[in-house]
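Novice: Below are the sequence and a predicted model for it; my questions follow.
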Amino acid sequence: SSSSSSEDIRAQGLARRMLAESGVASRLGTALCIAQQQQAEEEETEEERREEEGEEKEEQLEQAAKTHAKKEESVGIPLLLLQTLQMLSRLPGCVEDMTACECVTAVCGEVAALDMDAGEQACSRQLQRTFSSVSILQALLEGPTATEIAAQLSCPSCISSLRHGFLQLARGGSSVSLRQLRNDVVLLMSLLCAHQPALSVFVESNTLSLLLRYACAEVSGANRPAQIPLSTAPEDLELQKLLLCTIARFGNFAAASSTLASSGFLLLLFTYMDCRDTFAAEEQPQPRQWSPAQREELHHQAVSILSFCVRNYEAQYVALHGNTRIVDYLDWALSYEGDSASTRSTASLAGLLPSSRAVPPTPAHAAHAMRLLCTVACTLGSDVLADLVAQGVLERLLSFLRFSKMDDRHVRVDALLALAALCEADCRNQEAVGQEVVMMLLPYIQMPPEIELQPEDVDLLIAALDCVRSCIVGNADNERDFAGEHGVFLLLDLAESAPMQLRPLALSLVLDLTDGGTGRMHVAEWRSKLKPQTDIVALLISFWHEEQARLNVSLAADGVLADVPMPLRSSLTGSAIEETSQSLRCCLHALLMRVAPTNTANLSCTDKVAMVAVRNYVQLKRGEVWCELADELEAEGVELVETDAEVVQQARAAALSAVAHVRQGQADVILDEEAKELQQEQQLYEEICRKG
């Protein structure tokens, strides 16, 4: 029996491949379009005949009954077509054929034929056709040609068909199967709204307003649609989640901002964010009381949507006291039993912890709360951020980052980014965090060299370095405290042992901290923990060699620059100007000129040769920019006036002269080193002779 079953499976697979290659889906789609067109023409012809003949009422009723019977006999043909297309819609070849023949409009039109007030038999057939149509469209929108399918469905007639099907099923569907089909229609809308062309049609046809009325019925009772049976059944919970997901797709769509702002959608999200047993006192009693488990599902989805779209609704956010709500939610989320006593005491002192909660806080709530706070801090205006600081968010973040025992590093990343955004928005916040932020950040940038970093570790280090730049750099007291706690040493250790992607961040911070005398002194005193004989000059020169190799710069065997107008040019980067921000050489030049402009006694010959190029980096780069500009003007056929042509010619000559000067300097270094080696050999030979 097992072999027979496997043979049947192989036979089915072969049959599906043959169907996909035969183009049958395209023919069936065309047949469906023709059938719909013929049916529409017959109805139009029948209506015209009645008007011309002026039939009596009884004759009209008799003729209508005959027409209805004829429809009942032929209605199975489109249903069979739809059911066949439903089976073929999962096959790649058939999907492409259905997309090419543009039959999706006809398939979507079947949803518009649904009438829940029709007879039992007619309604059953219409539901079967609606189910097959929705299944086909969902499969196509999840397939490889989803963009083309969405473009075909993004028309007023198709959106109107989906709207009609949703209304019919929402008002007349009481059974589980009808509610599930209603949810499938909303899921289809959500898949369609994932594509930009459909969003404007949803707004213009007021379909978005309809979905908002259903979703926000709990907080806008006056606008609740009539005859909508809503309950706490699993299917209605799924409907609410699908509505939230569909509406959230309009969060960044400018044309929908006014509709969303006036609908109470933000208030609904804040209501679901609250995990108390009852709604807030200012909110009216609700028609549905979700169970704690259902509220938990809605809670997580609401906070995720808030994090996605709150940036576009700052006015409504302020009007609804969003900062107070988020601070309240953050205090509650960080008070879960696994967190530190320090954070819990901070929340208790704030006096914002609600006395009764339906669901105890968990690390997942803490993650959602911190992500939402990070989004607000990084995207909303300065007035909102100033209010957050006034409510004690800085103290809460510092306490969490310094004393919390939470292991989730993503939460710590969000907390660091939020703290950095608040300090960057107002330099006075740097003074407010003071030395406490220095003591908090030191453990985050201290990385043992023997530990292999995971992706989440890299994200945490990047966030910590961003926090150093925003909270410490630019404030003299914080910079002095940071350098005094060996923070500069930690940054250089990180640049030496961390992955390549962290090196530019760490070195740029070191460069900023060397603007003052204290930071420059600490940089000069640094020694490697991995190779104690390596000092700061040797480290930076080794970085220069690695960067030259990464950029594939052509050099001679002895490290001398090539004899070309643009010797630093790399094929891996763009223009000469863009290269200064894409490579590390500019930062290395600035650091080396600050800490060791002339001290190269302890360097090898290769390092000394490279140091000549480092010292003249600005002149070489200036020459490259002029040569590149001249080449572009020549390639575009621009004829310069005499004075401009003379300037360009002089710039080219200066560039060539700078390259020749650097090459000569590098050659002199090599000759000096060879002479020193020869002298050392001669001294060694004479010493051996004296002893002999």
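Specialist: Good, I have the coordinates.
Novice: My read is that Thr147 contacts Pro197, right?
Specialist: No: the criterion here is C-beta atoms under 8 Å, and Thr147 misses it with Pro197 at 9.1 Å. (C-beta placed from N, C-alpha, C; glycine too.)
Novice: Burial check on Ser174, number of neighbours?
Specialist: Applying other C-beta atoms under 10 Å, we find 9 other residues in the vicinity of Ser174.
Novice: can you check Tyr329 too?
Specialist: 24.
Novice: Only C-alpha atoms, please: export the helix or strand hosting it in CSV.
Specialist: Tyr329 belongs to helix 322-333 when elements are defined using DSSP states H and E. Output of helix 322-333 as CSV, limited to C-alpha atoms (Å, rounded to 0.1, in the frame of the first residue of the first chain):
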residue,chain,number,x,y,z
GLY,A,322,1.1,59.6,25.0
ASN,A,323,4.3,60.3,27.0
THR,A,324,2.5,59.7,30.3
ARG,A,325,1.0,56.4,29.0
ILE,A,326,4.3,55.2,27.7
VAL,A,327,6.1,56.0,31.0
ASP,A,328,3.4,54.3,32.9
TYR,A,329,3.7,51.3,30.7
LEU,A,330,7.5,51.3,30.9
ASP,A,331,7.4,51.4,34.7
TRP,A,332,5.0,48.5,34.8
ALA,A,333,6.9,46.4,32.2
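Novice: Tell me the helix or strand right after the helix or strand bottoming out on mean pLDDT in the chain.
Specialist: Least confident helix or strand, the chain: helix 341-350 with a mean of 39, by mean pLDDT, DSSP states H and E. Heading C-terminal from helix 341-350, the first helix or strand you meet, by DSSP H and E, is helix 363-379.
Novice: what is the mean pLDDT for that following helix?
Specialist: For helix 363-379, mean pLDDT rounds to 93.
Novice: how about that helix: buried residues?
Specialist: Under the neighbour-count criterion of 16 or more other C-beta atoms under 10 Å, helix 363-379 has 363-378 buried.
Novice: got it, and stretch 517-535?
Specialist: 518-520, 522-523, 526, 528, 535.
Novice: As a markdown table, those residues with secondary structure and pLDDT would be great.
Specialist: Converted to a markdown table, the buried residues of stretch 517-535 look like this (DSSP: H, G, I helix; E, B strand; the rest coil; pLDDT from 0 to 100):
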| residue | secondary structure | pLDDT |
| --- | --- | --- |
| Thr518 | helix | 77 |
| Gly519 | helix | 82 |
| Arg520 | helix | 85 |
| His522 | helix | 89 |
| Val523 | helix | 89 |
| Trp526 | coil | 90 |
| Ser528 | coil | 88 |
| Asp535 | strand | 88 |
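Novice: Pick out whichever of those residues sits closest to Ser542.
Specialist: Of all the buried residues of stretch 517-535, Ser528 has the smallest distance to Ser542: 10.1 Å, by C-beta to C-beta.
Novice: list the contacts for the closest residue to the closest one other than its chain neighbours?
Specialist: Nearest-residue entry for Ser528: Thr534, 3.9 Å, with adjacent residues in sequence omitted and distances by C-beta to C-beta, 6 or more residues apart in numbering. Applying C-beta atoms under 8 Å, 6 or more residues apart in numbering to Thr534 gives the contacts 527-528, 542.
Novice: Looking at those residues, spot the one nearest Leu82.
Specialist: Nearest to Leu82 among the contacts of Thr534: Ser542, at 69.0 Å, using C-beta to C-beta.
Novice: After the strand or helix carrying the closest one, heading C-terminal, what element do we hit next?
Specialist: Here Ser542 sits within helix 536-550, counting by DSSP H and E. Heading C-terminal from helix 536-550, the first helix or strand you meet, by DSSP H and E, is helix 576-582.
Novice: Can you spell out which helices and strands pack onto that next one?
Specialist: Judged by 3 or more C-beta pairs under 8 Å, 6 or more residues apart in numbering; DSSP states H and E, the packing partners of helix 576-582 are helix 617-635.
Novice: got the angle between the helix it packs on and helix 536-550?
Specialist: Using axes from the mean of the first three to the mean of the last three C-alpha atoms, to 10 degrees, the direction of helix 617-635 lies 20 degrees away from that of helix 536-550.
Novice: Adjust the sequence numbering to begin at 15 for everything that follows.
Specialist: Understood, numbering begins at 15; the last thing we discussed is helix 631-649.
Novice: Tell me which helix or strand comes right after helix 631-649.
Specialist: Next in sequence after helix 631-649, counting helices and strands by DSSP H and E, comes helix 656-705.
Novice: Check the average confidence over that following helix, would you?
Specialist: Helix 656-705 shows a mean pLDDT of 88 in the predicted model.
Novice: Tell me how far it lies from the chain's centre.
Specialist: How far helix 656-705 lies from its chain's middle: 51 Å, per C-alpha atoms, centre = their mean, to the nearest Å.
Novice: Of the buried residues of stretch 531-549, just say which sits nearest to Leu128.
Specialist: Nearest to Leu128, judged by C-beta to C-beta, of the buried residues of stretch 531-549 is Gly533 at 72.4 Å.
Novice: Please list all residues in contact with the nearest residue to that closest one once chain neighbours are set aside.
Specialist: Nearest residue to Gly533, sequence neighbours excluded (C-beta to C-beta, 6+ apart): Leu527, at 3.7 Å. Listed by C-beta under 8 Å, 6+ apart, the contact set of Leu527 reads 487, 493, 496-497, 501-502, 505, 533, 537.
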